[in-house]
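>>> coords please:
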Amino acid sequence: MSNPTKEDAALLLQLMSYFAANEKNSLASDWVYEKFSEKSYDDFKTKYPPGSEGYKNVMRVASNGELIGMLVNKDLLSEDLVFDLMGALLWEKLGPIVHGIRKDANMSRLFENYEVCAKKYQAWADQNPPKV
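Numbering: from 1, shown residues only. Below is the predicted model:
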């Protein structure tokens, strides 16, 4: 893991601005963080079928995670900055749901960068204890 650069910081700020500029992205992230509690894909798809607002919120957050994950996995954005700011990108909540969507859609690579990036988080957290 290389040290973050000013370019990494600028890119991360651009991404954060992009996500915040779209109100649906902001609402989706807030919803997943604060209100989403389904632990299984079966419960999720019963309560939030495709086209529902809950389904759209999960897809928005997962798509944003995929974008960030792709940049981190290709070494175009510092994982250190991403993890220090965002942790595992809500993967702990969405992982089982993403796996179910992936299987139902028969798209084995759907959101794979999101998953790979989130799995790297634990190693980062082990090397970077809380500051306070």
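>>> and the residue nearest to L11 when sequence neighbours are not counted, what does it touch?
Distances taken as C-beta to C-beta, 6 or more residues apart in numbering put L77 closest to L11, at 5.5 Å, once the chain neighbours are dropped. In short, each C-beta sits where N, CA and C put it, glycine included. Contact partners of L77, counting by C-beta atoms under 8 Å, 6 or more residues apart in numbering, are 8, 11-12, 15, 68, 71.
>>> quick one: the helices in the chain, in order.
For the chain, applying DSSP state H gives helices covering 6-21, 23-34, 41-47, 53-73, 79-86, 91-105, 112-127.
>>> so who does L81 touch?
By C-beta under 8 Å, 6+ apart, the residues touching L81 are 4, 8-9, 12.
>>> can you pull the pLDDT of it?
Confidence at L81, expressed as pLDDT, is 95.
>>> what does S2 give?
Reading off the model, S2 has pLDDT 71.
>>> for the contacts of L81, which one is nearest R60?
Nearest to R60 among the contacts of L81, counting by C-beta to C-beta, is L12 at 18.7 Å.
>>> where in this structure is pLDDT low?
Scanning the chain for pLDDT under 70 picks out the ranges 1.
>>> so which residue is smack in the middle of it?
G65 (3.0 Å; C-alpha atoms, centre = their mean).
>>> so how far is E115 from that residue?
Distance of G65 to E115, computed by C-beta to C-beta, to the nearest Å: 8 Å.
>>> what do these two both touch?
Applying C-beta under 8 Å, 6+ apart, one finds that G65 and E115 are jointly contacted by W91.
>>> quick one: contacts for K6?
Counted by C-beta under 8 Å, 6+ apart, K6 has zero contacts.
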